[in-house]
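Chemist: Provided below for reference: sequence and predicted model.
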Amino acid sequence: MKPFDPRLLRYARAARGVLMIGAGLGLLRTCAVLAWSWCLANAITTVALPAMAGIPGVRGRIDEGAYGSSQLTWLMLGALGAVLVRSLAGWGMDVVAARGAVRVKAQLRSAALDALDARSPQRESGPSDAELATSLGRGLDALDGYFSGYIPQLLLTGVATPILILAVLLSDPLSGLIVVVVFPIIPVFMILIGLATQAVQDRQWDQLQRLSSSFLDVVAGLATLRIFGRQRRQVDRIARETDEYRSRTMGVLRVTFLSGFVLDLAGTFSIALVAVTVGTRLVNGEFPLGLGLFVLLLLPETFVPIRQVGSAFHASTEGLAAAARVFEVIESADASRSRASAPIAEERAADAAASEPRSGLAFDDVSVARGGRRVVGPISFAVSPGEMVAMSGPSGAGKSTLIATLLGFVEPIRGRVLAPDRIAWAGQRPGLLHGSIIENVALGAHAPDAALVRRALDAVGLERLDVDVELGVAGAGVSGGQAQRIAVARALYRAWDLECAALVLDEPSSALDAESEAVVCAALRREADAGRAVLVVSHREAVHRAADRVVRIAAALPEPMRAAVDA
Amino acid sequence: MMRGSPESDIRVRHRRAVLERALPSRARRAPGIVLGVLADASIVGLLGLSMWLIVRAGEQPPILHLTFAIVGVRALAIGRAAFRYAERLMSHDAALTQLAVLRSSTFAALVPRVPGALEAHRRGEVLAAFVDDVDQLQDEPLRVRQPLVVSAIVTGLSVVVVALISVPAALVLLGALVVGGGIAIALAGRLSGAEDREMSAARAAVVDALLERFAAGEVLAAFGAIDAQRERIAAAERRLATLQLRRARSAGLTAAVLGGAAGLASVLAIAVMLPGLGDGLTAPLFAAAAVVPAAVFEVFAQVPAALAARRSVQASADRVAELTEGALPPELVVDDRVDGRAAELAEEQRESAAIPGAPLLEVHGLSARYPGASQDAISGVDLVVRAGETLVVRGASGAGKSTLALALVRFLESRGEYRLRGVDARSMRADEVREIVGLCEQRPYLFDSDLRQNLKFARDSEQRGTASDDDLWAVLDRVGLADWALERGGLDARLGADGSWISGGQAQRIALARAILADFPVVVLDEPTAGVDRELADRLVVDLLGAVPEDRAVILITHTDLPAGISATLVEL
């Protein structure tokens, strides 16, 4: 895993600011650490020297460079100031990192959404709706850990570590040498352990995933298990599988924790080494005490950033993986957009202008392919203004696909589709949104007209539905049948509001009882009588009766189930 | 937070009960805590001892006098890393061992509440969040108790040791810990549980807005509302960002305060030790006491982090408790309990087992409601089914069809008469009822496993024996899935999480196959054709009914008209 993905800078310009300001604050913090260690070491030296029980005369270089006791106050004040600067710079780094995380997430999200907005809403392959929402939602939150835990430490490692090592080297070449020797061991060990962990994880990952998701599986299927009287046996099974999960996880952790062990050991052991070498030289009077204390105080600081980087390694891989998923979304969307020729809508408009029936719907020898395979066609039929046509056919015959060509979501591989610019449409899924009924019915209208909304709802038999009712996410709060009728009302509203010449509905009554279905059919009939071209996909007898004629679509090539599975 | 009010008392009790399940026994926790104390004490010891060593060396004693310190410094350096490693292994092992107990006891607590209490939460991600919450409870021993206990012991010990060197220095350290630590904890505490909830609500709002953007993408595109949805996403995002920044500022300030307090403690310690220096206080000890605060605060820094972890663990525990704790709603049936009065009345009848000639299933004036509902979903329902008969119950949406199904398998409590072979069903254990009446759910659950496992559990017990592969193939053939199963790779074919690789009709057939394997005398089919188009639905109903063995009774619950050619008694709901 790379520590940093350059695409982050390309897609999220805010990342640059974080790095620049963060590095500046890191530098400030490093200077404060140097000042603090210097002042504290010398303050202790100044105070301790007179009290030391040494034999006068053989002291050698011990008190070399020591400050006089008159300067003690200044040293103490210097130390306090350095502490203050260190704390504030550290805080600043945290805040900058958090701000950066928020901005970078927003930029990545909007870049991905820009890319997706430019695509047809019907995605044939790639991540599911939920996966996309997770990648752009909670998934990106993993960048919080990356920016707040990892980036500041990475910056400190880059900025502070060289300066601190240089300071140690200048103060005491021997201690510096120890650090220079020990330090590279850390990355080497980290890489070795990382490789070992990777190997272990690769082998066990699937099993771990399966074992950790098996609990979810039995909880989700609990009702089914109870029907078959199996719930008690599951308790044992959960215990057994969780124990297996434990022993496998511990196997991985034993290796994973080794990296922490190496980091700890490198840090503490070099302190011990330096303390002992400095100590022996002091005994012989070969080294100044103040400088020795300075080196000892500085040493832990040298190792802090790389240790933090090591412990935040997990956060970094998670964050980068999350970002990579978003990059994929952006790049795959970009790629598919460049493959598509001119914008679909324009082409369709040109087609429509060239044809004589300005307001009707027509399929002229149309074939449509999905995933490189023809799913429907060739087919020709037209819906004239004032006509209500029902389309029927077995599932998988491509009825919804034909509708998608009308809306411009899919382009036919052959033939021409003629449709007016504005189509009022209701799909198979109601597609209701979080918000009031008014907002849902008047979706896309700039100024919702409450009276018109009421009329639309009345037309589909929802006279008693309060327009101010707030729906939950994805229209939670209304029954399936109500949702379907609200979706039809939405299409009616659009038809009236924008004077749409065509009304297209996909299975508008599949969840309705006969009575409600009759109301909806009557509403559609009225629209046709008002001069609109009405096309309804439906299997229902009642709809067929209400229509002027029924177009039957034959099943295309038999569609093996496997195609969906292998994808 | 309201303290002492009855509701919050109950909440605290429920939360405690949930957290209790996640806590390993004292004996299992002890090694982790001891090792943690040793590891953290080593940090403090290493800094103090190496400081002592250097200043003592400056006094130029014979090198032999330093041997103890030199060995000690090296031992502490290695000990620190080794103890930490062992501690992490021990505490994780203890927590993971407890996970088995945690999961199975949570599951057991959930059993009587499903379906019903959990039904409203059937949405996949809510369920997944519940399971995540359960697993999150492991943090209680690992990230809350362990660091709190360890850092309390080590900071306490450090203050005592410093006090042995110099009482004023110890007082300074203690004061810094109380003031600095107090401010840090207060800052961390300002991010109250309410804010956590606000934060997770804001997070969920972003995901929901995004999900709508994709799930309703066609609608948004067709109605030109994509930009409006983008604005909603951006608004949700801004709200979350505000909360996150506020939190980051507080968290960063916590670290800054602790760092500042450590530095201040060192400088003040030097100042207060000045007068006593040389007078009982040696220079090496003075130096050690002066630098030790940095290490003590490093240990103490775990406390605010642990408190933050505690809040999120408690929030998880509260969410888990909502589903698993509290009194069972009266509308739900407890499997092991039988209605005492009815049991007495039916005692004689049970002696003679079934009453000869009585219908297989008989219901008169049955009413039932969902937990928490204000009125009955069904009332006054009368049904009689005999062996070999097919009964169709038809009702519009909202007529209580599913409630009836759940009442018949005794997931939901009901009123009115309910007899199985003439015996009062309420005098039987609910498990026994379910051996007679089976249910094919509207949305049968398919386990993330292979086809064999998805069928076999329906017949796998001491009494009825275990289904062999041949049995499974026979039953697949019967429900018309044999060819499909062959094509998919046989009984080892995986079905994907919640049957995501399978169509609704196939799922219904698998559910029916299970019911046939389990050999229920009565099978209730709850809307087997929901979500299947009409032509397919008719065929499916004919197929399903045709696959049911002759001597079994079927109750088909549906909202559509029956296809022609099916002879059945019809009951309108």
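Modeler: Thanks, I have it.
Chemist: ok, for residue 461, nearest residue in space, not its chain neighbours?
Modeler: In the absence of a named chain, chain A is used. In space, and not counting its chain neighbours, A:Gly461 is closest to A:Val519: 3.7 Å by Cβ to Cβ, 6 or more residues apart in numbering or on different chains. Placement of C-beta: from N, CA and C, glycine included.
Chemist: switch to chain B, that's the one I care about
Modeler: Nearest residue to B:Ser461, sequence neighbours excluded (Cβ to Cβ, 6+ apart): A:Gly229, at 7.9 Å.
Chemist: make sure I have this right: the one you found is in a strand.
Modeler: No - counting by DSSP: H, G, I helix; E, B strand; the rest coil, A:Gly229 falls outside a strand, being coil.
Chemist: so it sits right up against B:Asp431, yeah?
Modeler: Yes - at 5.5 Å, A:Gly229 counts as touching B:Asp431 under the criterion of Cβ atoms under 8 Å.
Chemist: neighbour-wise, which of those two wins?
Modeler: Per other Cβ atoms under 10 Å in any protein chain shown, whichever of A:Gly229 and B:Asp431 has more neighbours is A:Gly229, with 19 against 14.
Chemist: so who does that one touch?
Modeler: Contact partners of A:Gly229, counting by Cβ atoms under 8 Å, 6 or more residues apart in numbering or on different chains, are B:Asp431, B:Arg434, B:Glu435, B:Ser461.
Chemist: separation between it and B:Gly465?
Modeler: 15 Å (Cβ to Cβ, to the nearest Å).
Chemist: try A:Val383
Modeler: Taking Cβ to Cβ, one finds A:Val383 at 61 Å from B:Gly465.
Chemist: so where is the stretch 201-350 of chain A shaky, pLDDT-wise?
Modeler: A:201-212, A:314-315, A:333-350 (pLDDT under 70).
Chemist: which parts of it are helices?
Modeler: Along the stretch 201-350 of chain A, counting by DSSP state H, counting those that start in this stretch, helices occupy A:222-227, A:231-283, A:289-311, A:313-339, A:344-354.
Chemist: turn those helices into TSV, columns for distance to B:Phe411.
Modeler: TSV is the format used below for the helices of the stretch 201-350 of chain A (distance: least, Cβ to Cβ, whole Å):
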stretch	distance to B:Phe411
helix A:222-227	7
helix A:231-283	12
helix A:289-311	48
helix A:313-339	40
helix A:344-354	50
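Chemist: now tabulate those in a markdown table and tack on mean neighbour count and distance to A:Gln71.
Modeler: What follows is these, written out as a markdown table (neighbours: other Cβ atoms under 10 Å in any protein chain shown; distance: least, Cβ to Cβ, whole Å):
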| stretch | mean neighbour count | distance to A:Gln71 |
| --- | --- | --- |
| helix A:222-227 | 24 | 74 |
| helix A:231-283 | 20 | 22 |
| helix A:289-311 | 23 | 12 |
| helix A:313-339 | 18 | 44 |
| helix A:344-354 | 13 | 79 |
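Chemist: between those helices, which one is nearest to B:Asp196?
Modeler: Nearest to B:Asp196 among the helices of the stretch 201-350 of chain A is helix A:313-339 (19.9 Å), distances taken as Cβ to Cβ.
Chemist: run through who's touching stretch B:127-139.
Modeler: A:212, A:215-216, A:219-220, B:18-19, B:21-22, B:95-96, B:98-99, B:102-103, B:106, B:118, B:121, B:309, B:312-313, B:316-317, B:319-320, B:323.
Chemist: which of the residues in that stretch are buried?
Modeler: B:Leu127, B:Ala129, B:Phe130, B:Val131, B:Asp133, B:Val134, B:Asp135, B:Gln136, B:Leu137, B:Gln138, B:Asp139 (16 or more other Cβ atoms under 10 Å in any protein chain shown).
Chemist: immediately after the top helix by length along chain B, which helix or strand?
Modeler: Ranked by residue count under DSSP state H, the longest helix found in chain B is helix B:226-273. Downstream of helix B:226-273, the first helix or strand assigned by DSSP states H and E is helix B:283-300.
Chemist: give me the angle between the helix or strand just after that following helix and helix B:226-273.
Modeler: Once helix B:283-300 ends, the next helix or strand along the chain (criterion: DSSP H and E) is helix B:302-324. Orientation of helix B:302-324 against helix B:226-273 (axes from the mean of the first three to the mean of the last three Cα atoms, to 10 degrees) gives an angle of 140 degrees.
Chemist: and helix B:302-324, what does it pack against?
Modeler: If you count contacts as 3 or more Cβ pairs under 8 Å, 6 or more residues apart in numbering or on different chains; DSSP states H and E, helix B:302-324 packs onto helix B:6-22, helix B:67-110, helix B:124-136, helix B:139, helix B:146-165, helix B:182-190, helix B:193-215, helix B:226-273.
Chemist: okay if I get those helices as a markdown table plus mean pLDDT?
Modeler: Formatted as a markdown table, those follow (pLDDT from 0 to 100):
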| stretch | mean pLDDT |
| --- | --- |
| helix B:6-22 | 88 |
| helix B:67-110 | 93 |
| helix B:124-136 | 76 |
| helix B:139 | 90 |
| helix B:146-165 | 96 |
| helix B:182-190 | 83 |
| helix B:193-215 | 81 |
| helix B:226-273 | 91 |
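Chemist: A:Gly65: which of those is closest?
Modeler: In this view, the helices and strands packed on helix B:302-324 are compared for proximity to A:Gly65 by Cβ to Cβ, and helix B:226-273 is the closest at 18.8 Å.
Chemist: next, the residue sitting furthest away from the middle of chain B: phi, psi?
Modeler: The C-alpha centroid of chain B is most remote from B:Pro62, which lies 63.6 Å away (Cα atoms, centre = their mean). Torsion angles at B:Pro62 (phi, psi; degrees, to the nearest 10) stand at phi -50, psi 140.
Chemist: same check, this time on B:Asp460
Modeler: Note on B:Asp460: its backbone torsions stand at phi -160, psi 80 [degrees, to the nearest 10].
Chemist: just the element for B:Val334, please.
Modeler: Going by DSSP H and E, B:Val334 is not part of any helix or strand.
Chemist: scratch that, A:Val504 is what I was asking about
Modeler: Going by DSSP H and E, A:Val504 is part of strand A:502-506.
Chemist: tell me the secondary structure at A:Phe381.
Modeler: strand.
Chemist: poorly predicted segments of the stretch 401-550 of chain B, please.
Modeler: For the stretch 401-550 of chain B (pLDDT under 70), the answer is B:462, B:496-504, B:530-536.
Chemist: now do the helices in it.
Modeler: For the stretch 401-550 of chain B, the helices defined by DSSP H, counting those that start in this stretch cover B:401-408, B:430-436, B:451-456, B:469-478, B:482-488, B:504-518, B:534-547.
Chemist: so A:Trp425: helix, strand or coil?
Modeler: With three-state DSSP as the criterion, A:Trp425 reads strand.
Chemist: and it, what does it touch?
Modeler: A:Ile403, A:Leu406, A:Leu407, A:Ala491, A:Arg494, A:Leu503, A:Val504, A:Leu505, A:Asp506, B:Ala222.
Chemist: swap in 7 Å and give it another go.
Modeler: Applying Cβ atoms under 7 Å, 6 or more residues apart in numbering or on different chains, we find A:Trp425 in contact with A:Leu407, A:Ala491, A:Val504, B:Ala222.
Chemist: can you pull the pLDDT of it?
Modeler: Note on A:Trp425: pLDDT of 90.
Chemist: who does it bridge with?
Modeler: A:Val504 (DSSP bridges).
Chemist: ok, the one 10 residues further on next?
Modeler: Beta-bridge pairing of A:Gly435, defined through DSSP bridges, involves A:Leu471.
Chemist: just give the number of residues close to it.
Modeler: For A:Gly435, using other Cβ under 10 Å, the count is 16.
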